[in-house]
Every structure is written in C-alpha cells, then in structure tokens.
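Asks: Give me the fold of what follows.
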Amino acid sequence: MEITDIRVHLRKEEKLKAFATVTFDRCFVVRNMKVIAGDKGLILCMPSRKMPDGSFKDVAHPISVEFRSLLERKVFACYEREVLQAAAGDGVDSRVV
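Replies: As a prediction, this is how the structure comes out:
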C-alpha cells in the first residue's frame, strides 16, 4: 500500500495542532486524522467515533507497527513543512507524495 497524498490543515489550539487527510493508492481516503501535541511530542490519532459508554473507538487504523511508523513519519513531515510555510506566509501546498 502506497501513501499517495497527504493534506494537513493546521489548527490554532493548545493540544490539537492539525487535521490530516491521507490518500492511499490514489483510491482510498482517510480523513480526520489528528496531530496532537502530547507530553513527549506529536501523536497521530486515528479518526474515531464515540461509543454509547462514552469511550472512543478508532474507525480506521494501521494494523502493523511498521506501517503506523511510516504513516506517522510522513504525516509529521508534512505537518512540519506546513508549520514552516505558515510561519513564512508563502501559502505553498505542502502535500507529501
């Protein structure tokens, strides 16, 4: 499976830093991944829904540690580029393919 597009939408919140939309193999999209500022750095949270008991359950997530690591590296790289570009004010698209 190939990651063919990543779009990062920055947020100006204390913990929630961005939403990410990731396209796989140019044919499957996962929206609403969250880039969160954690105590030990950035965390990539998968899209989830609230369960009747108040807990949250991921609706899509990587199965292997290796793929999760690859996905995190690519999303965080795109996030960092977007932050730098926003600071510079150049408005260039920071998608990673």
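Asks: Give the bridge partners for the closest residue to residue 14 other than its chain neighbours, please.
Replies: Take residue 14 and drop its neighbours on the chain: the residue closest to it by C-beta to C-beta, 6 or more residues apart in numbering is residue 37, 7.4 Å away. Any C-beta I mention is one placed from the backbone N, CA and C, and that applies to glycine too. Beta-bridge pairing of residue 37 under DSSP bridges involves residue 42.
Asks: need the contact list for residue 37.
Replies: Residue 37 makes contacts with 14, 15, 16, 17, 43, as judged by C-beta atoms under 8 Å, 6 or more residues apart in numbering.
Asks: Export these to JSON lines and append columns for secondary structure.
Replies: As requested, the contacts of residue 37 are exported to JSON lines (DSSP: H, G, I helix; E, B strand; the rest coil):
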{"residue": "14", "secondary structure": "coil"}
{"residue": "15", "secondary structure": "coil"}
{"residue": "16", "secondary structure": "strand"}
{"residue": "17", "secondary structure": "strand"}
{"residue": "43", "secondary structure": "strand"}
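Asks: Check the offset of stretch 1-11 from the chain's centre.
Replies: With C-alpha atoms, centre = their mean, to the nearest Å as the basis, stretch 1-11 stands 7 Å off its chain's centre.
Asks: ok, back up a step: most neighbours of all the contacts of residue 37, which one?
Replies: Neighbour counts for those peak at residue 17, which has 19 neighbours (criterion: other C-beta atoms under 10 Å).
Asks: Correct me if wrong, but residue 81 is in a helix.
Replies: Yes - assessed with three-state DSSP, residue 81 lies in a helix.
Asks: where exactly do the strands run in the chain?
Replies: 3-10, 16-24, 28-38, 41-45, 48-50, 56-58 (DSSP state E).
Asks: What mean pLDDT does the longest one get?
Replies: Pointing back at strand 28-38 there. Strand 28-38 shows a mean pLDDT of 96.
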